[in-house]
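*Asks:* Please work out how this folds:
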Amino acid sequence: MIDTDFLRQLNRFSLILQKRITSNYTGERRSTMIGQGLLFKDHTQYAMGDDFRKIDWRVFARTDKYYVKRYEEERNLTIHIIVDFSASMNFGKPTSKSDYASMLGIGFAYMATKDNERFVLSTFSEKLDLFSPKKGAKQLAGIVAYLNDRKPVGATKFEESMAKYKNKISSKSMIIVISDFLYDLSEIKNSLARLKGHEIVLIQVLDKTERDLSLEGEYKLQDLETKQVVKTFISPSLRKTYLKQLNEHQAKIKKICDQMNAKFFIASTDKPIFDTFFEVLMSRYFQR
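*Replies:* Alright, predicted model coming up:
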């Protein structure tokens, strides 16, 4: 549930974040990284008087020469925030994956409004629900009400939803997808290939039980999307196998993202949500 207290915390967080960026990198970016700012253009060899903070140390490591990054202004960047509302997201206590994902989605939308930038917040499960790009707090208030009233239902049709979404994007955009990503890797790879050319961020949200399988003994486990129930005994051996498979799945998603020049983050519902915001936003900023 997204309440007024969370929105007040968002406002405080955005002010602290902006203050930190401004004090450390005055003039390099004007926004909190979600909206208008600077895009990397190319490198030029360092000359006396250049800002040494813009030296690309990775290039130096390869060439043993000093190069600085050059930027060009980024304009009219639309922020697309896509939240998974399939039935599997209705898992977790005291905070469900869908509640955590919704708060993340609203948070990124709020950052966009603070920079007076256009954003779209959409949801998907068996079908894609797409909102029109708009600016301002009124649009944000409507989406808060929508997400609070919505219940996660249905199966996940990620690839199909992203194929439809691709046709709705008309200009260079930042695309943030928030999901548990517990589905076939080919869907993720094919979807990212379709969205290539945009700035893409994937955020995987898992419940702490999914993350570490902190259960032991006999359980009935239900697939929230298919409703299939399986009886199983969770032993240390089963937990070890499960964690190995989960880690491999996440590593493969990370590899796909690296190949597609996308970013991949993992968040658990017991992780303070502003820590997740900070990790994602600062990663985008410091890549510049």
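
*Asks:* In this structure Gln250 contacts Gln204, no?
*Replies:* Yes. Using Cβ atoms under 8 Å, Gln250 is in contact with Gln204, at 7.1 Å. (Each C-beta comes from the backbone N, C-alpha and C, glycine too.)

*Asks:* what about Asp258, neighbour count?
*Replies:* 11 (other Cβ atoms under 10 Å).

*Asks:* Which helix or which strand is home to it?
*Replies:* Secondary structure from DSSP states H and E places Asp258 in helix 236-259.

*Asks:* Then Met162?
*Replies:* Using DSSP H and E, Met162 falls in helix 158-166.

*Asks:* where does the protein dip in pLDDT?
*Replies:* The model of the chain has pLDDT under 70 over residues 19-42, 48-49, 70-76, 132-137, 284-288.

*Asks:* Strands along that one, start to end?
*Replies:* 37-45, 67-74, 78-84, 119-124, 128-129, 173-179, 199-206, 217-222, 229-234, 263-268 (DSSP state E).

*Asks:* Mind putting those into CSV with mean neighbour count and distance to Ser186?
*Replies:* Output for these, formatted as CSV (neighbours: other Cβ atoms under 10 Å; distance: least, Cβ to Cβ, whole Å):
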stretch, mean neighbour count, distance to Ser186
strand 37-45, 14, 31
strand 67-74, 15, 32
strand 78-84, 24, 17
strand 119-124, 25, 17
strand 128-129, 16, 19
strand 173-179, 24, 15
strand 199-206, 23, 15
strand 217-222, 10, 25
strand 229-234, 10, 24
strand 263-268, 19, 16
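
*Asks:* JSON lines for those, including distance to Met1?
*Replies:* What follows is the strands of the chain, written out as JSON lines (distance: least, Cβ to Cβ, whole Å):
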{"stretch": "strand 37-45", "distance to Met1": "32"}
{"stretch": "strand 67-74", "distance to Met1": "34"}
{"stretch": "strand 78-84", "distance to Met1": "15"}
{"stretch": "strand 119-124", "distance to Met1": "16"}
{"stretch": "strand 128-129", "distance to Met1": "19"}
{"stretch": "strand 173-179", "distance to Met1": "17"}
{"stretch": "strand 199-206", "distance to Met1": "16"}
{"stretch": "strand 217-222", "distance to Met1": "24"}
{"stretch": "strand 229-234", "distance to Met1": "28"}
{"stretch": "strand 263-268", "distance to Met1": "18"}
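
*Asks:* of these, which approaches Gly105 most closely?
*Replies:* Nearest to Gly105 among these is strand 78-84 (4.6 Å), distances taken as Cβ to Cβ.

*Asks:* Identify the residues contacting the closest one?
*Replies:* 34-35, 98, 101-102, 104-105, 108-109, 112, 117-125, 133, 147, 156, 158, 161, 165, 169, 171, 173-180 (Cβ atoms under 8 Å, 6 or more residues apart in numbering).

*Asks:* which neighbours do Gln250 and Gln204 share?
*Replies:* Joint contacts of Gln250 and Gln204 (Cβ under 8 Å, 6+ apart) are Ile266.

*Asks:* show me what contacts the most centrally placed residue in the chain?
*Replies:* For the chain, the residue sitting closest to the mean C-alpha position, by Cα atoms, centre = their mean, is Ile203 at 3.7 Å. Going by Cβ under 8 Å, 6+ apart, Ile203 touches Ala101, Leu104, Ile176, Val177, Ile178, Ser179, Phe265, Ile266, Ala267, Thr276, Val280.

*Asks:* can you tell me how far it sits from Val280?
*Replies:* Applying Cβ to Cβ, to the nearest Å, the value for Ile203 to Val280 is 7 Å.

*Asks:* anything in contact with each of these two?
*Replies:* Phe265.
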